[in-house]
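In: Provide a 3D model corresponding to the input given below.
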Amino acid sequence: MLIRIYSMDEAMQTKLMGEARVDALRLTIMAESREAEARKRGRDWTAGAVPFFAQELIAAAKSKKPKKEVEMHAANAAMAAWLCDSIYDGVTAEVFTQSDIVFTLLPNGAVKYDRVPATKVRKIMRIYGETPVCEKSGFAMVEVWNVDDDGNKVFLGYALLNPKGEEIGFFESYDDALAELESLTDDDDDDDEPPPPGGKPKV
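Out: Reported below is the predicted structural model:
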């Protein structure tokens with residue numbers, strides 16, 4: 001099972017924050033020991049555990065925690081989702097284990113949970129924006145998007161392309177990408193500068 005984490009801004013644009021894989025069949029078996037408590041505490045409590053553990057996963061992804069730690073939080077969030085789906089919505093283990101999970105951090109801080117067919121999340125194409133955000137000395141900074149089978153676009157960040165159109169760097173931050181573009185072309189700018197008054201051209 002693939003678990004993807006997105007953040008959504010005020011303009012409803014989504015951005016991939018991270019992803020992790022978990023053994024869905026194994027966690028459904030491990031969840032058996034927690035089923036009685038989930039039934040006893042009721043639907044609201046069980047459903048509330050999903051965003052709680054999802055928030056812990058998001059925090060781990062944001063902090064760039066080690067892969068194993070992120071996977072542990074991902075498994076906890078997926079187990080909470082399984083308990084709620086199976087007990088209160090009648091989702092079978094067969095359906096759940098053939099699904100992927102998407103957690104989206106909304107602008108108000110809430111977390112949205114979606115369970116989708118596994119193939120829908122995995123069939124994603126990475127594309128560049130048609131128009132460069134910035135160009136300098138043959139280098140270009142372009143937006144990078146993921147596009148799924150339904151044509152839904154998810155903004156990822158910015159890529160730097162060399163004069164041959166080859167990607168030489170990827171950045172989630174606009175400022176970081178622009179700073180790197182400037183550093184790549186600083187030497188070219190220096191070559192174009194006129195010599196100081198009464199001085200000699202730079203060698």
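In: rest of the way, CA atoms for contacts and neighbours
Out: Noted.
In: Read off the pLDDT value for His73.
Out: What the model reports for His73 is a pLDDT of 96.
In: Next: Val22.
Out: pLDDT for Val22: 92.
In: Over to Glu10?
Out: 88.
In: and it, what is it in contact with?
Out: Contact analysis of Glu10 by C-alpha atoms under 8 Å, 6 or more residues apart in numbering lists Pro107.
In: In which helix or strand does it reside?
Out: Applying DSSP states H and E as the criterion places Glu10 outside every helix and strand.
In: quick one: it from Leu105, how far?
Out: Distance, Glu10 to Leu105, by C-alpha to C-alpha, to the nearest Å: 11 Å.
In: Show me the shaky parts of this structure.
Out: 119-125, 148-152, 187-203 (pLDDT under 70).
In: hmm, who's touching the strand or helix carrying Lys68?
Out: Applying DSSP H and E as the criterion places Lys68 in helix 67-89. Contact with helix 67-89 is made by 3, 20-22, 24, 27-28, 31, 35, 38-39, 43, 46-47, 49-54, 56-57, 60-61, 91-93, 96, 101, as judged by C-alpha under 8 Å, 6+ apart.
In: out of these, which are inside strands?
Out: Of these, the ones assigned to strands by DSSP state E are Ile3, Ala20, Arg21, Ile101.
In: Who wins on neighbours among the residues you listed?
Out: Among the ones in strands among the contacts of helix 67-89, Ile101 has the most neighbours (other C-alpha atoms under 10 Å), with 25 neighbours.
In: What's the PyMOL line that selects buried ones from the contacts of helix 67-89?
Out: A single PyMOL command selects the buried members of the contacts of helix 67-89 (16 or more other C-alpha atoms under 10 Å):
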select buried, resi 3+20+21+22+24+27+28+31+38+43+46+47+49+50+51+53+54+56+57+60+61+93+96+101
